[in-house]
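Undergrad: Structure of the sequence below:
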Amino acid sequence: MSILEAIVLGLVQGLTEFIPISSTAHLKIVPVLLGWGDPGAAASAVIQLGTIAAVIIYFFRDIFRISVAWFRGLFSGKPFVEEDSRLGWYIIIGSIPIVVLGILFKNFIETTARSLWIIAFSLVFVAVLLMIAEKYAARFEPRTIHDLNMKDAVAIGLGQAMALIPGMSRSGSTIMTSLFRKFTREAAARFSFLLSIPAITGAALFQMREQWDHLGNVGWTPILVATIVAFASGWASIWFLLRYLRTHTTAIFIWYRIALAVVLAGLLLAGVLTPYQ
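TA: You can find the predicted model right below:
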């Protein structure tokens, strides 16, 4: 991997990980179109740690406050009394579906589900659901993150598990599910970011453990560069999305997903890309 490839891949990872347009789709399409080929699951996993570091630092005060309240509630025998303690439990509970389903369907996810046709379908599928969710949520009094309960955590956790299928987008599926649960877009994005920490960290460390030997072939310098770029661009995308969703709908992301799916399908039909590129 060259330094230029590292910078581009870091930008793609950081800008698309948290915005609901599917980082997986972009990381599969961009390198191939530029003639670089797949950087490999292990390299992608390390680069992901840059984006998760951006979430942890961006939300450090929230994470610290939630962690302190969680332990205080646990040791006092009153785990659900404080709001922050409850939020900590909801993050844990919301992370369970993606772990369980990821283990159960590991082979399918890593083989059949990697088809670019499935990615194209997933891009449109979540775009349509987001469109419906926007119209549904607009009919009700919006809820904030302070209104989060156990049912919400389970529902949003199941939504996050949809992202095991490439192209669904972890942020897209969690924001979509949150809108169906009548949350504001900003609250949906905020909980999505917090929920991403165990999910992305766990997946990245698992992939690194399985394919550690391949990292040396990529080169540690470009991997470090890509990770730093992913951190910076990931921070920027978090900042942008939280502010954007305060006053805008997800319409721009919905139409972008549909346009990307059309382009991807066109490239597949033209033979420029193959389903398992």
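
Undergrad: And the helix or strand containing Phe240, what does it pack against?
TA: Counting by DSSP states H and E, the element that carries Phe240 is helix 220-247. Under the contact criterion of 3 or more CB pairs under 8 Å, 6 or more residues apart in numbering; DSSP states H and E, helix 220-247 touches helix 3-17, helix 41-58, helix 185-210. Placement of C-beta: from N, CA and C, glycine included.

Undergrad: can I get these in TSV with distance to Phe125 and mean neighbour count?
TA: Listed next are those as TSV, based on distance: least, CB to CB, whole Å; neighbours: other CB atoms under 10 Å:
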stretch	distance to Phe125	mean neighbour count
helix 3-17	17	22
helix 41-58	23	22
helix 185-210	18	20
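
Undergrad: Can you lay out the ones you listed as CSV showing mean pLDDT?
TA: Putting the helices and strands packed on helix 220-247 into CSV (pLDDT from 0 to 100) gives the following:
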stretch, mean pLDDT
helix 3-17, 92
helix 41-58, 85
helix 185-210, 88
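
Undergrad: Which of those helices sits closest to Val30?
TA: Of all those, it is helix 3-17 that lies closest to Val30, at 5.3 Å by CB to CB.

Undergrad: Output whichever helix or strand comes after that closest one as PDB - backbone C-alpha positions only.
TA: Once the chain leaves helix 3-17, the next helix or strand it forms, by DSSP H and E, is helix 23-33. C-alpha atoms of helix 23-33 as PDB (Å, rounded to 0.1, in the frame of the first residue of the first chain):
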ATOM      1  CA  SER A  23     -18.300   2.500   4.500                       C
ATOM      2  CA  THR A  24     -18.200  -1.100   3.400                       C
ATOM      3  CA  ALA A  25     -19.600  -0.300   0.000                       C
ATOM      4  CA  HIS A  26     -17.100   2.600  -0.500                       C
ATOM      5  CA  LEU A  27     -14.100   0.600   0.700                       C
ATOM      6  CA  LYS A  28     -14.900  -2.200  -1.800                       C
ATOM      7  CA  ILE A  29     -15.700   0.100  -4.700                       C
ATOM      8  CA  VAL A  30     -13.100   3.000  -4.500                       C
ATOM      9  CA  PRO A  31      -9.900   0.900  -4.400                       C
ATOM     10  CA  VAL A  32     -11.000  -1.300  -7.300                       C
ATOM     11  CA  LEU A  33     -12.000   1.600  -9.500                       C
END
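
Undergrad: tell me which residues of helix 23-33 are tucked away?
TA: 23-32 (16 or more other CB atoms under 10 Å).

Undergrad: can you check stretch 243-262 too?
TA: Residues 244-245, 249-250, 253-254, 256-257, 260-261 are the ones in stretch 243-262 that count as buried (16+ other CB under 10 Å).

Undergrad: Also stretch 152-161?
TA: So for stretch 152-161, counting by 16+ other CB under 10 Å, buried means 152-153, 155-161.

Undergrad: Please convert those residues to TSV, extending it with pLDDT, distance to Asn217 and secondary structure.
TA: Listed next are these as TSV, based on pLDDT from 0 to 100; distance: CB to CB, whole Å; DSSP: H, G, I helix; E, B strand; the rest coil:
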residue	pLDDT	distance to Asn217	secondary structure
Asp152	97	43	helix
Ala153	97	40	helix
Ala155	97	41	helix
Ile156	97	38	helix
Gly157	97	36	helix
Leu158	97	37	helix
Gly159	96	36	helix
Gln160	95	32	helix
Ala161	95	32	helix
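
Undergrad: In TSV, list these along with distance to Leu87.
TA: Converted to TSV, these look like this (distance: CB to CB, whole Å):
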residue	distance to Leu87
Asp152	11
Ala153	9
Ala155	15
Ile156	12
Gly157	13
Leu158	18
Gly159	17
Gln160	16
Ala161	20
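
Undergrad: Looking at these, which two lie furthest apart in space?
TA: Asp152 and Ala161 (14.9 Å).

Undergrad: Now find how far off-centre the helix holding Phe240 is within its chain.
TA: Computed by CA atoms, centre = their mean, to the nearest Å, the chain-centroid distance of helix 220-247 equals 12 Å.

Undergrad: What of stretch 97-104?
TA: Distance of stretch 97-104 from the chain centroid (CA atoms, centre = their mean) equals 15 Å.

Undergrad: Fine by me, we can end here.
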